[in-house]
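Participant: the sequence and its predicted three-dimensional model are supplied below.
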Amino acid sequence: MPGNAAEAISVSGLRKSFGSHTVLDGIDLSIPRGTVFALLGPNGAGKTTMVHILSTLTRADAGAASILGHDLARDPGGVRTVIGLTGQFSAVDGLLTGAENLRLMTDLRHLGRPRGRELTAELLERFELTEAARKPVSTYSGGMRRRLDLAMTLVGNPRLIFLDEPTSGLDPRSRHTMWNIIRRLVTESGVTIFLTTQYLEEADELADSIGVLDGGRLVAEGTASELKRGLPGGHIRLSFADHRELTDAARVLDQPARDEDLTIDVPGTETEWIRQVLNRLHEAGIAADHVSVHTPDLDDVFFALTGRQNEEVPAA
């Protein structure tokens, strides 16, 4: 399929089954270049299968895809020249040092010894691994291994990187370090990131757009804000200085008041609706002491959209 020059990934009607189990059931997707896309879904929803197909590790049963202008079915070799893949488990050699792992990768890429050593030093510094460069990777923490794994992926100068649950099992500090690295990759190098994760905070922090996969289908797609706004439950909270104003506001707005904290919750978060509520109070001579907007979070989105768990059958 022809790819749009502005798109890093274009997918149409992608399908994949393992035996009688349908994992992907007609996926359509478009991801702009230079952005972070996060794919969410419960365990077994097909996230890893999606990554394996788009990175040429598994063939789709049907559908078409273009990766940075390369047709996935007709030109898998071209796809592999422009992508990198980091999985849930680091692929580094624990017996080698961090520097040796990187130099091995530069040798496999035929970069030559001078350029290989130069790039190794650059990546060790970039990923904060210089002090541990001569230590065996078996002594590295989980976060250090993940950083080294991603550094090795960059040896090939990919323009699109698939990160399959890259911070799974990491402690909060290591997770935030990885987030900063991912942000810099996009802002400084212009790469596109396709991220799968079960950490909703991670998607909220990093992603320009989010897709939710469930039952083999992409059941929702949009920015984090758009997905949150699409759920019921949003409201504005009005706080008042004293019980008299609280009682008057409850009467004007026809809403129950919470006496213990002098607040009223009014359903709705649209800007025009908020303006109307405040105007009604103003016309009645009532001023709210504080106004805050509360929308559903990504947890709410996830649980609302993923109504079932699907056991993903691994590829042979």
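Facilitator: Yep, it's here.

Participant: what about stretch 214-234, start to end distance?
Facilitator: 24 Å (C-alpha to C-alpha, to the nearest Å).

Participant: residue 256: what's it in contact with?
Facilitator: The contact partners of residue 256, by C-beta atoms under 8 Å, 6 or more residues apart in numbering, come to 250, 264. C-beta here means a position set from N, CA and C on the backbone, and glycine is covered the same way.

Participant: from residue 249, how far out is it?
Facilitator: 11 Å (C-beta to C-beta, to the nearest Å).

Participant: need the residues touching each of these two.
Facilitator: Common neighbours of residue 256 and residue 249 (C-beta under 8 Å, 6+ apart) are residue 264.

Participant: secondary structure class for the residue minimising distance to the centre of the chain?
Facilitator: In the chain, the centroid-proximal residue (C-alpha atoms, centre = their mean) is residue 38; its distance is 2.7 Å. Secondary structure, DSSP: H, G, I helix; E, B strand; the rest coil: residue 38 is strand.

Participant: hang on, isn't it packed against residue 212?
Facilitator: No. The criterion here is C-beta atoms under 8 Å, and residue 38 misses it with residue 212 at 9.5 Å.

Participant: can you give me the buried ones in stretch 277-293?
Facilitator: Residues of stretch 277-293 classed as buried by neighbour count (16 or more other C-beta atoms under 10 Å): 277-278, 281, 286, 288.

Participant: which parts of the stretch 151-300 of the chain are strands?
Facilitator: 160-164, 192-196, 209-214, 217-222, 235-239, 257-258, 263-267, 290-294 (DSSP state E, counting those that start in this stretch).

Participant: arrange the ones you listed in JSON lines, one row each, with mean pLDDT and distance to residue 228 as further columns.
Facilitator: Formatted as JSON lines, the strands of the stretch 151-300 of the chain follow (pLDDT from 0 to 100; distance: least, C-beta to C-beta, whole Å):
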{"stretch": "strand 160-164", "mean pLDDT": "95", "distance to residue 228": "23"}
{"stretch": "strand 192-196", "mean pLDDT": "96", "distance to residue 228": "19"}
{"stretch": "strand 209-214", "mean pLDDT": "94", "distance to residue 228": "10"}
{"stretch": "strand 217-222", "mean pLDDT": "93", "distance to residue 228": "9"}
{"stretch": "strand 235-239", "mean pLDDT": "92", "distance to residue 228": "13"}
{"stretch": "strand 257-258", "mean pLDDT": "88", "distance to residue 228": "23"}
{"stretch": "strand 263-267", "mean pLDDT": "90", "distance to residue 228": "15"}
{"stretch": "strand 290-294", "mean pLDDT": "90", "distance to residue 228": "10"}
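
Participant: for the ones you listed, give me TSV that also has distance to residue 131.
Facilitator: Listed next are the strands of the stretch 151-300 of the chain as TSV, based on distance: least, C-beta to C-beta, whole Å:
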stretch	distance to residue 131
strand 160-164	25
strand 192-196	27
strand 209-214	36
strand 217-222	42
strand 235-239	48
strand 257-258	54
strand 263-267	52
strand 290-294	45
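
Participant: right, and these - which one's nearest residue 12?
Facilitator: Nearest to residue 12, of all the strands of the stretch 151-300 of the chain, is strand 217-222, at 12.0 Å by C-beta to C-beta.

Participant: if I pick residue 54, what's in contact with it?
Facilitator: So residue 54 contacts 9, 11, 65, 67, 72, 162, 194 (C-beta under 8 Å, 6+ apart).

Participant: at 7 Å what do you get?
Facilitator: 9, 65, 67, 72, 162 (C-beta atoms under 7 Å, 6 or more residues apart in numbering).

Participant: quick one, grab the pLDDT at it.
Facilitator: Residue 54 is assigned 97 on the pLDDT scale.
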